[in-house]
Structures are given as C-alpha cells and as structure tokens.
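Undergrad: Need a 3D model of the following:
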Amino acid sequence: MAKVITVNNFEEEVLNSDKPVLLDFWASWCGPCRMLSPVVEEISDEYDAVKVGKVNVDEEPALAEKFGVMSIPTLIYFEGGKALRASVGVQPKDKILELAGLK
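TA: Numbers count the residues shown, from 1 in each chain. Sure, this is the predicted structure:
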C-alpha cells in the first residue's frame, strides 16, 4: 500500500529514504487520478525495490508547489533525495515501471 506523504514526513520518507521513491501527486476530485491510483497501488504491492507514496495536492499544496506540479496526476521519481524523472497524466503500467527504474 502506498504511503501518505505530507510536509511533516516528506524529509524522512522521501529525502532520507534508503530506497528510491515514486510519488503520485493526486486529488480526490480528479478523474484521471482515480484511474491511475489502482496502478500505483499495484506497483506499491508488487515491487519492494521502490517506496511508493501519494501526495494529496489539496492537503499538501506546498509540496505540489515545491516540485512545480501544475497538472495532476503527476508522478515524480526520487533517488538519493533528488527528483530525477516525472510524468504527467495517466500512464500505462509499463511506462510507470520505466519511470521508476523497474523495467
């Protein structure tokens, strides 16, 4: 299950993570986000090599702003505390796995 990421746990869960992190920036009212969410959860359940987190942009606007999230859903891949790659919009599972360095 994907971990809920907030400004309070961002440093610990993302910046100081001992493994790469894939963050899903989403909102409950966003139709495409609801389409992407089951795929993100699947990846979270199937792959231990990457930590998967979810950032609700309505509850955490500062995190969305910090990473320039203008459209949702946005996926951002972090490694060593740095944002390395991102994708915007609904993506097939294969593309998300590539983004996360899992394929």
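
Undergrad: contacting residues for residue 91?
TA: 36, 39, 75, 99 (Cβ atoms under 8 Å, 6 or more residues apart in numbering). The way it works is simple: take the backbone N, C-alpha and C, and place the C-beta from them, glycine included.

Undergrad: any idea which of these has the most stuff around it?
TA: The residue in the contacts of residue 91 with the most neighbours, by other Cβ atoms under 10 Å, is residue 75 (25 neighbours).

Undergrad: quick one: secondary structure of that residue?
TA: strand (DSSP: H, G, I helix; E, B strand; the rest coil).

Undergrad: Quick check, it in contact with residue 87.
TA: Yes. Shown here, residue 75 and residue 87 form a contact pair, counting by Cβ atoms under 8 Å, at 5.0 Å.

Undergrad: any common contacting residues for the two?
TA: 96, 99.

Undergrad: re earlier: could I get the contacts of residue 91 as CSV with pLDDT?
TA: Listed next are the contacts of residue 91 as CSV, based on pLDDT from 0 to 100:
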residue, pLDDT
36, 97
39, 97
75, 98
99, 96
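
Undergrad: Centroid-nearest residue for the protein?
TA: residue 23 (1.4 Å; Cα atoms, centre = their mean).

Undergrad: pLDDT value on it, please?
TA: For residue 23, the pLDDT comes out at 98.

Undergrad: sec struct for residue 59, please.
TA: Once three-state DSSP is applied, residue 59 turns out coil.

Undergrad: which ones are touching it?
TA: If you count contacts by Cβ under 8 Å, 6+ apart, then residue 59 has residue 6 around it.
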